[in-house]
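# This is the structure alone, sequence omitted:
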């Protein structure tokens, strides 16, 4: 009997390490494709699949569409299909203001759009309406100021207070330009120019300061309005103008450089915070990688679209520094009113970041 008990004790002691080892996962990562460890892969495997809904109001082939679609593709690849996007480009779900309203209501999750109409939701975004504020700087300097400097953190506080979060400002030191059926040779030629603008009070104030007659219209109505002479001109990035074939209804492209052509990746902040940190990181990685790819192409896209407009019969008019200075002088009141409305500290923080890049 005693011998039997000893044999049983030996058997139990032999089995204990086996049992323990079956409950203890290996801490050594296994190499995976793309450098991902098994720990990272199992992290996504442990999460429930999530589908985000994204949209833009851009013209076909414009930067916002390219950016949104590339982010959607990349985030699915990064997460192995666990975080995916249903993406609706080209105003399928509405214009910029409607899309941002839907995002705040939780009907869609993210929007890729320009900054102008965000001012209606986040007044501090009017900082981007300062005429010609970015005109003297290159893309690298502007990228630092907008995405990597203290200005980015400060402006995001204003977004998150309204349940939005900006994840990136996409730009390449290209600008909103002016197309017109009236030739602009002197500052006085802006007088009484009927120009379509976005529904943005600061944009309209700038054109009024030049003596023009700004007229906000939905983008979908611009081509017909130009064709029928209801307005004389419009202002937009060259990819938007070329994508809408405005060379068919406009005579001149005036390189006014008045507003930075900048698309923002906006997400509903409650939705963002509801995502697992792994998904948050994957989305930011997708945004960053897509931005690098698209921004590298934007200057070329701008040049190609200028050429497309010129090939369609539009005359390109370049403005010299003296002309730009005249525009700035007339627009000084817009600088004063924006600084007063949103707080001069926003203006100072942006200008400091532009003047002192790290």
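Yep, that arrived. Values in this document were obtained by computation on a predicted structure and should not be read as measured data.
# Mind telling me what element residue 253 is part of?
Residue 253 belongs to strand 252-260 when elements are defined using DSSP states H and E.
# Who are the packing partners of that strand?
strand 175-180, strand 233-236, helix 277-311, strand 315-318, helix 321-330 (3 or more CB pairs under 8 Å, 6 or more residues apart in numbering; DSSP states H and E). Where C-beta positions appear, they are placed from N, C-alpha and C, glycine not excepted.
# okay, residue 182: pLDDT?
As predicted, residue 182 sits at a pLDDT of 97.
# I misspoke; the intended subject was residue 12.
38.
# What separation do you get for the nearest residue in space to residue 176 that is not next to it in sequence and residue 282?
Nearest residue to residue 176 in three dimensions, chain neighbours excluded: residue 259, at 4.3 Å (CB to CB, 6 or more residues apart in numbering). Distance from residue 259 to residue 282, counting by CB to CB, to the nearest Å: 32 Å.
# more neighbours, those two?
Relative neighbour count places residue 259 above the other of residue 259 and residue 282, with 28 against 22, counting by other CB atoms under 10 Å.
# got the contact list for the residue nearest to residue 311 when sequence neighbours are not counted?
Nearest non-adjacent residue to residue 311, counting by CB to CB, 6+ apart: residue 247, 7.7 Å away. Residue 247 makes contacts with 241, 308-309, 311-314, as judged by CB atoms under 8 Å, 6 or more residues apart in numbering.
# Likewise for residue 259?
With CB under 8 Å, 6+ apart, residue 259 has these contacts: 116, 128-129, 131, 175-176, 203, 235.
# what do you get for residue 81?
residue 49.
# In three-state terms, label it for me.
Using DSSP: H, G, I helix; E, B strand; the rest coil, the structure places residue 81 in coil.
# so what pLDDT did the residue nearest the centre of the chain get?
Residue closest to the average C-alpha location in the chain (CA atoms, centre = their mean): residue 264, at 1.8 Å. As predicted, residue 264 sits at a pLDDT of 98.
# go on, residue 201?
So, for residue 201, pLDDT stands at 89.
# ok, and the closest non-adjacent residue to it?
In space, not counting the residues next to it along the chain, residue 201 is nearest to residue 119; the distance is 7.7 Å by CB to CB, 6+ apart.
# same deal with residue 278?
residue 43 (5.2 Å).
# neighbours of that neighbour, just the number please.
17.
# before we move on, back to that, export the helices and strands packed on strand 252-260 to CSV and tack on distance to residue 346?
Converted to CSV, those look like this (distance: least, CB to CB, whole Å):
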stretch, distance to residue 346
strand 175-180, 20
strand 233-236, 23
helix 277-311, 23
strand 315-318, 31
helix 321-330, 19
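# right, so these: which one is the most enclosed?
Highest mean neighbour count of the helices and strands packed on strand 252-260: strand 233-236, a mean of 26 (counted as mean count of other CB atoms under 10 Å).
# ok, residues contacting the following helix or strand past it?
The first helix or strand that comes after strand 233-236 along the chain, using DSSP H and E, is helix 238-243. Residues outside helix 238-243 that contact it (CB under 8 Å, 6+ apart) are 58-63, 174, 177, 179, 234, 247, 250, 253, 301-302, 305-306, 308-309.
# Just want the phi and psi numbers for the closest residue to residue 262 other than its chain neighbours.
Counting by CB to CB, 6+ apart, the nearest residue to residue 262 once its immediate chain neighbours are dropped is residue 171, at 4.4 Å. Residue 171 adopts backbone torsions of phi -160, psi 170, taken as degrees, to the nearest 10.
# Which of the three states applies to residue 48?
Taking three-state DSSP, the label given to residue 48 is coil.
# burial of it, as a residue count?
Residue 48 has 6 neighbouring residues, counting by other CB under 10 Å.
# State the distance from it to residue 107.
21 Å.
# right, and the residue nearest to residue 201 touches residue 130 too?
No. Residue 119 lies out of contact with residue 130 (CB atoms under 8 Å); the separation is 11.9 Å.
# Give me the mean pLDDT for stretch 218-232.
Averaged over stretch 218-232, pLDDT sits at 96.
# Would you mark the buried spots in that stretch?
Within stretch 218-232, the residues scored as buried using 16 or more other CB atoms under 10 Å are 218-219, 222-223, 225-226, 231-232.
# on that earlier part again, how far off centre is the host helix or strand of the residue nearest to the centre of the chain?
In this structure, residue 264 sits in strand 263-268 according to DSSP H and E. Computed by CA atoms, centre = their mean, to the nearest Å, the separation of strand 263-268 from the middle of its chain amounts to 6 Å.
# Each with direction, which strands does it pair with?
When pairing is defined by DSSP bridges, strand 263-268 lines up against strand 110-114 (antiparallel), strand 164-170 (antiparallel).
# Can you tell me what sits against it?
With CB under 8 Å, 6+ apart as the criterion, strand 263-268 contacts 58, 63-64, 67-68, 71, 100, 103-104, 106, 108-115, 118, 159, 163-171, 283, 287.
# any low-confidence regions in the chain?
Low-confidence segments of the chain, defined by pLDDT under 70: 1-42.
# at 50 what do you get?
By pLDDT under 50, the low-scoring segments of the chain are 1-40.
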